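Visitor: Predicted model and sequence follow; I will ask about them next.
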Amino acid sequence: MTTLTGTGVLVRFALRRDRVLIPVWVAVNSLMVLTMPNTLKSLYGTPADRADLLRQLHTNASLRALIGPVFDDSLGALTAWRVGVYAGALAAVTALLIVVRHTRDEEESGRQELIASGAVGRRASLTAALLAAGVASGVLALLVAVGLAGQGVAGAVAFGLGLGGVGMVFATMAAIVAQLTESARLARGLTAAVLGAAFVLRAAGDSATDGGSSVLTWVSPLGWLENLRAFAGERWWVLGLFACAVAVQAAVAYGLAGRRDVGMSFLPTRPGPVSGRLASAGALALRLQRGAVVGWGVGFFLAGVVYGGLTDGAADLVADNAKAREIFERMGGQSGLTDAFLAAMIGMLGLIASLYVVASVLRLNGEETSGRAEPVLANAVGRLRWAGGHLLIAFGGSALIMLLAGLGFIAGYGKEAAPILAACLVQLPAVWVVGGLAVLLYGMAPRLAPAAWGVAVAVLLIGWIGPALDAPQLVLDLSPFGHLPKLPGGEMTWFPPTLLTALAATLVTGGLAGLRHRDMTT
């Protein structure tokens, strides 16, 4: 038996398990990319408009930091500029989630030990995980290349391969981290932190130069994607950087996988105290989720600083473009352009906060299915008390990260402290509705609990892409965020946030009632 025996079976099993996850994430990413040319055509319909955009971006370091430099005024090049960084980041997230799910998650749950007892090679599971991530990245690359071919075949192929390359770079990075850590949660968190660092390095480099030539830009895989220069005189040799990074990181991951036992890691989890700080279910929940809260909090604060610093420059950029103003006004309200931009960016962070609350709520499902909840509940700890500790971290943590985002906006923008904080906190009722739905699904039908991710992604898609596509108001109203006051600048109306808060409380109550009366997973 070789080290790869059974890989084919495991690949089919991985793809079957991810038959919803992969199509949804790939479809969302593809839709974001492929709808952009028409949006940009409506925004910058004439060559003069596009040439003027290039001139403004060359002198606007804030926008380069947020989106990146633009190298040509064709619709294809503008598409690669407008969505390249974010599509690359989403491809990276998809790939790292797939790899961790089929490596460290399997070991943590004990399923990998059962699989390894059969005719399965030592590195078969790792290979299957990387191949599953490769399928997701390859399908994304193919869809983007075919969908953008009308803008230029060479540029479409380069852009598609670049997105797939970013995905595989972070897939192999996640494979390394999964060997080093003992926790799937930590593996996901560390790889996501590297992705965040890559975004920051690219932003810092692009703000310093207008041609993507900064050393900091070249350090980041997201910087490689923009320096591939799709639709603007493609640099095909940059694809070699992706290939080398994937090859080196995969070799390291395979080397590590061959030197450890199943379930073990090179950086074992440090044992914690059994008394004192962990004397209650709530303290245990805080201990388990504090890393996530700190990571999200720091990320939201830094995002607030960046977006706050961009406010004046972004407002100046779209001031003379009626269609761009209309999009910001649909996202952020009919107030002044600066307030509309602030409201739109704060609303975007609110949408992202819904991902945090879903992840935090579903930690309950992870604790239950892994068997870690059973010894806790075997003591004098009731189900509601156990769940309440985690839900306090989920809903209270969302309030904390939005507060930190507000403080970041204040630090970056330097004015309007009270209106900005109010705008951040008014996002919470909508965030809590998404979290409440996750609680309801977990409590009533735990097998359907992962569907909460689909709800969160749908809400994010409606709020992010809906205004740019001029979606009907009926579609925008499907999201709870569509009913919130547009602050700062808009009128504060208390009825919608109050109603959403009541709805969230009702959903949580229903979920806890279901948890109390159903059987726990065995």
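Guide: Thanks, I have the structure now.

Visitor: State whether residue 212 and residue 69 are indeed in contact, as I suppose.
Guide: Yes - the pair residue 212 / residue 69 is scored as a contact, 5.1 Å apart, by C-beta atoms under 8 Å. For glycine as for every other residue, the C-beta is placed from the backbone atoms N, C-alpha and C.

Visitor: what residues do those two have in common as contacts?
Guide: 206, 226 (C-beta atoms under 8 Å, 6 or more residues apart in numbering).

Visitor: Tell me who's in contact with residue 149.
Guide: With C-beta under 8 Å, 6+ apart, residue 149 has these contacts: residue 156.

Visitor: For residue 417, see how far away the nearest residue to residue 436 once chain neighbours are set aside is.
Guide: Spatial nearest neighbour of residue 436, excluding adjacent residues (C-beta to C-beta, 6 or more residues apart in numbering): residue 507 at 3.1 Å. Distance of residue 507 to residue 417, given as C-beta to C-beta, to the nearest Å: 33 Å.

Visitor: more neighbours, the two?
Guide: residue 507 (21 against 14; other C-beta atoms under 10 Å).

Visitor: Contact partners for the more buried one?
Guide: By C-beta under 8 Å, 6+ apart, the neighbours of residue 507 are 433, 436, 437, 439, 440.

Visitor: what would those look like in CSV with neighbour count, pLDDT and distance to residue 220?
Guide: Shown next, in CSV, are those (neighbours: other C-beta atoms under 10 Å; pLDDT from 0 to 100; distance: C-beta to C-beta, whole Å):
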residue, neighbour count, pLDDT, distance to residue 220
433, 28, 95, 35
436, 27, 93, 37
437, 26, 94, 35
439, 31, 94, 37
440, 24, 94, 40
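
Visitor: Just to be sure, which of those are found in helices?
Guide: 433, 436, 437, 439, 440 (DSSP state H).

Visitor: Check the burial of residue 455 by counting its neighbours.
Guide: Neighbours around residue 455, by other C-beta under 10 Å: 17.

Visitor: residue contacts, the spatially closest residue to it that is not a sequence neighbour?
Guide: Once flanking residues are discounted, residue 455 sits nearest to residue 437: 5.8 Å by C-beta to C-beta, 6+ apart. Neighbour list for residue 437: 452, 455, 507 [criterion: C-beta under 8 Å, 6+ apart].

Visitor: Downstream of the lowest-mean-pLDDT helix or strand in the chain, the next helix or strand is which one?
Guide: Across the helices and strands of the chain, mean confidence by mean pLDDT, DSSP states H and E is lowest for helix 322-332: a mean of 55. Next helix or strand after helix 322-332 toward the C-terminus (DSSP states H and E): helix 337-361.

Visitor: May I have stretch 201-215 as CSV, with CA atoms only?
Guide: Extracted in CSV, the C-alpha atoms of stretch 201-215 (Å, rounded to 0.1, in the frame of the first residue of the first chain):
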residue,chain,number,x,y,z
LEU,A,201,0.6,44.4,3.0
ARG,A,202,-1.0,44.9,-0.5
ALA,A,203,-2.9,47.9,0.7
ALA,A,204,0.2,49.5,2.2
GLY,A,205,2.2,48.9,-0.9
ASP,A,206,-0.5,50.1,-3.3
SER,A,207,-1.0,53.3,-1.3
ALA,A,208,2.7,54.1,-1.6
THR,A,209,3.0,53.6,-5.4
ASP,A,210,0.5,53.8,-8.3
GLY,A,211,1.8,50.9,-10.3
GLY,A,212,1.8,47.9,-8.0
SER,A,213,5.6,48.1,-7.8
SER,A,214,6.1,48.3,-4.1
VAL,A,215,8.0,45.6,-2.3
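
Visitor: Going by neighbour count, list what's buried in that stretch.
Guide: The neighbour-count check on stretch 201-215 (16 or more other C-beta atoms under 10 Å) flags 201, 202, 203, 205, 206, 207, 210, 212, 214 as buried.

Visitor: Using TSV, lay out these together with secondary structure.
Guide: Listed next are the buried residues of stretch 201-215 as TSV, based on DSSP: H, G, I helix; E, B strand; the rest coil:
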residue	secondary structure
201	helix
202	helix
203	helix
205	helix
206	helix
207	helix
210	coil
212	coil
214	coil
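
Visitor: farthest pair in the residues you listed?
Guide: Spanning the widest gap among the buried residues of stretch 201-215 are 201 and 210, at 16.8 Å by C-beta to C-beta.

Visitor: Stretch 202-221 spans what distance, first to last residue?
Guide: 8 Å (C-alpha to C-alpha, to the nearest Å).

Visitor: in stretch 391-406, what counts as buried?
Guide: Buried-residue list, stretch 391-406, by 16+ other C-beta under 10 Å: 391, 393-395, 397-399, 401-406.

Visitor: Help me confirm that residue 73 is found in a helix?
Guide: No - Residue 73: not assigned to a helix; according to three-state DSSP it is coil.

Visitor: who touches it in this structure?
Guide: Here residue 73 is in contact with 47, 50, 51, 53, 54 (C-beta under 8 Å, 6+ apart).

Visitor: Without its sequence neighbours, what residue ends up closest to it?
Guide: Nearest to residue 73 is residue 50, by C-beta to C-beta, 6+ apart, at 3.8 Å.

Visitor: What helix or strand is the one you found located in?
Guide: Once you assign secondary structure using DSSP H and E, residue 50 falls within helix 47-58.

Visitor: Kindly format the C-alpha coordinates of that helix as CSV.
Guide: C-alpha atoms of helix 47-58 as CSV (Å, rounded to 0.1, in the frame of the first residue of the first chain):
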residue,chain,number,x,y,z
PRO,A,47,-13.7,56.4,-22.9
ALA,A,48,-13.5,59.9,-21.5
ASP,A,49,-15.1,58.8,-18.3
ARG,A,50,-12.7,55.8,-17.9
ALA,A,51,-9.7,57.9,-18.7
ASP,A,52,-10.7,60.4,-16.1
LEU,A,53,-11.1,57.6,-13.6
LEU,A,54,-7.5,56.5,-14.3
ARG,A,55,-6.2,60.0,-13.7
GLN,A,56,-8.0,60.3,-10.4
LEU,A,57,-6.8,56.9,-9.2
HIS,A,58,-3.2,57.7,-9.9
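
Visitor: and that helix, what other elements does it pack with?
Guide: Here helix 47-58 touches helix 61-66, helix 281-318, going by 3 or more C-beta pairs under 8 Å, 6 or more residues apart in numbering; DSSP states H and E.

Visitor: buried residues in the longest one?
Guide: The one in question is helix 281-318. Buried residues in helix 281-318 (16+ other C-beta under 10 Å): 281-282, 284-286, 288-289, 292-293, 295-297, 299-311, 313-315, 317-318.
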